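Undergrad: Dropping the sequence and predicted coords here.
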Amino acid sequence: MSGTIVTALSFKKTVYLCIMRKNFEETGLYTAESLLQIKAIKLDNANPFTWASGIKSPIYCDNRRTLSYPKIRTYIRQEFVRLINEEYGTVDLIAGVATGAIAIGALVAQEMGLPFVYIRSEKKVHGLENQIEGVAESGQSVVVVEDLISTGGSSLKAVEALRAAGCNVKGMVAIFTYGLSDAEESFKAANCTLHTLTNYDYLIKKALEQNHIKDSDMQSLIKWRENPKGWGQDK
C-alpha cells in the first residue's frame, strides 16, 4: 500500500512539473511576442548596440515601452503576481530597481496590496542620501522586481542594499533575461534566485517565426550569447 501511495505522489509531482513547464513556455513565448509587437525589442546584427559596459549586442531591449500599452502592461503585472505567489509565497514588501522597474514594481505591489520601495543604483549625494526610497524595515521579506537582466551587476546592487538594511530578499523577478553566463554566476554567488517571464531563447524563436530575423541571422545571435565580449570585438 505504501508503495502505491509513493507512486501516486510521484505521478502527481511529475504532472505538476509538466504543467509548470508548459505554463512557463506559454508565458515566455507570449511575452516575447508582445515585446516584439510593440517594438520594445530591436534586433540588428549589422549595426549592434553598445551597452554601458562596452559590450556590443545585436539586441536592444526597452521594456519601459510596455507601460504605454495597457493590455500588455496588465498581463505583465498579473504574471509577476502569479510568479511571486508560486515561487516565493507570502512576502512583506515589493522593491523595484530604478529606473526601469519602478512603475511595474509599483503596479505589482498595488495589485498584491503590499508596500513598495525602489532602489537607486547608488546613494544620493544630497538630502537624506538614500539608496532605498520608501520604507524598508529590518526583518521584512522582499521580492525585487526588475525589467531586464543583462550582466546582473546593477540588479544585484539592489539586493545588496536591501540586505544591508536588514531585509530578507527572497529573490528577484524580471520581464526578460539575456541568459548570459556571467549573470547566472553572479546570481548564484549572491545566493539570489531569479525568475523571468521570458528569455533570449524564446525571443529569437518568436523573432524568427514572425520574420523579424532571417535564418542566416540565427548563428550570429547564438554566438553572441555564448561569447558577447568576443562577438563584439569582431564588429
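TA: Received the coordinates, thanks.
Undergrad: All the helices of the protein, in order from the start?
TA: For the chain, applying DSSP state H gives helices covering 2-37, 70-88, 102-112, 153-164, 181-189, 200-209, 215-226, 228-233.
Undergrad: Check which helices and strands the fifth one sits against.
TA: Looking back up the chat, that one is helix 181-189. Counting contacts by 3 or more C-beta pairs under 8 Å, 6 or more residues apart in numbering; DSSP states H and E, the secondary-structure elements packed against helix 181-189 are helix 153-164. Using the backbone N, CA and C atoms, a C-beta is placed for each residue, glycine as well.
Undergrad: before we move on, back to that, export the helices of the chain to TSV and tack on mean neighbour count?
TA: As requested, those are arranged in TSV below (neighbours: other C-beta atoms under 10 Å):
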stretch	mean neighbour count
helix 2-37	13
helix 70-88	16
helix 102-112	20
helix 153-164	19
helix 181-189	15
helix 200-209	20
helix 215-226	14
helix 228-233	15
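Undergrad: Quick one, which of the ones you listed gets closest to W51.
TA: Each of the helices of the chain was scored for nearness to W51 using C-beta to C-beta, and the closest is helix 228-233 (8.8 Å).
Undergrad: What residues are bridge-paired with the residue positioned nearest the centre of the chain?
TA: For the chain, the residue whose C-alpha lies nearest the mean C-alpha position (C-alpha atoms, centre = their mean) is A174; its distance is 1.9 Å. With DSSP bridges applied, the residues forming beta bridges to A174 are E146, T196.
Undergrad: That one contacts T196, doesn't it?
TA: Yes - with contact defined as C-beta atoms under 8 Å, A174 reaches T196; the gap is 4.7 Å.
Undergrad: Touching both of the two, which residues are there?
TA: Taking C-beta atoms under 8 Å, 6 or more residues apart in numbering as the contact rule, the neighbours common to A174 and T196 are I149.
Undergrad: shaky segments in the protein?
TA: With pLDDT under 70 as the threshold, the chain has low-confidence stretches at 1-22, 123-129, 232-235.
Undergrad: Try it again at 80.
TA: When residues are selected by pLDDT under 80, those of the chain lie in 1-23, 52-53, 122-129, 232-235.
Undergrad: before we move on, the earlier item: quick one, which of the helices of the chain is nearest to N45?
TA: Taking C-beta to C-beta, helix 215-226 is the member of the helices of the chain nearest to N45, at 5.3 Å.
Undergrad: and for the closest one, what are the contacting residues?
TA: Contacting residues not belonging to helix 215-226 are listed as 43, 45, 57-59, 178-180, 200, 204, 208, 213, 231 [C-beta under 8 Å, 6+ apart].
Undergrad: could the residues you listed be laid out in CSV, adding distance to V117?
TA: Formatted as CSV, the contacts of helix 215-226 follow (distance: C-beta to C-beta, whole Å):
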residue, distance to V117
L43, 34
N45, 39
S57, 30
P58, 35
I59, 30
Y178, 26
G179, 28
L180, 27
Y200, 29
I204, 34
L208, 39
I213, 39
W231, 37
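Undergrad: Which members of these define the maximum pairwise distance?
TA: Using C-beta to C-beta, these reach their maximum pairwise distance at L180 and L208, which is 20.4 Å.
Undergrad: mind listing what the residue nearest to the centre of the chain touches?
TA: Contacts here follow C-beta under 8 Å, 6+ apart; on that basis A174 touches A101, V145, E146, D147, L148, I149, S155, L194, H195, T196, L197.
Undergrad: right, and the pair among these with maximum separation?
TA: Longest distance between any two of those is 14.9 Å, between S155 and L197; criterion C-beta to C-beta.
Undergrad: Tell me who's in contact with A161.
TA: Counting by C-beta under 8 Å, 6+ apart, A161 makes contact with I119, Q131, I132.
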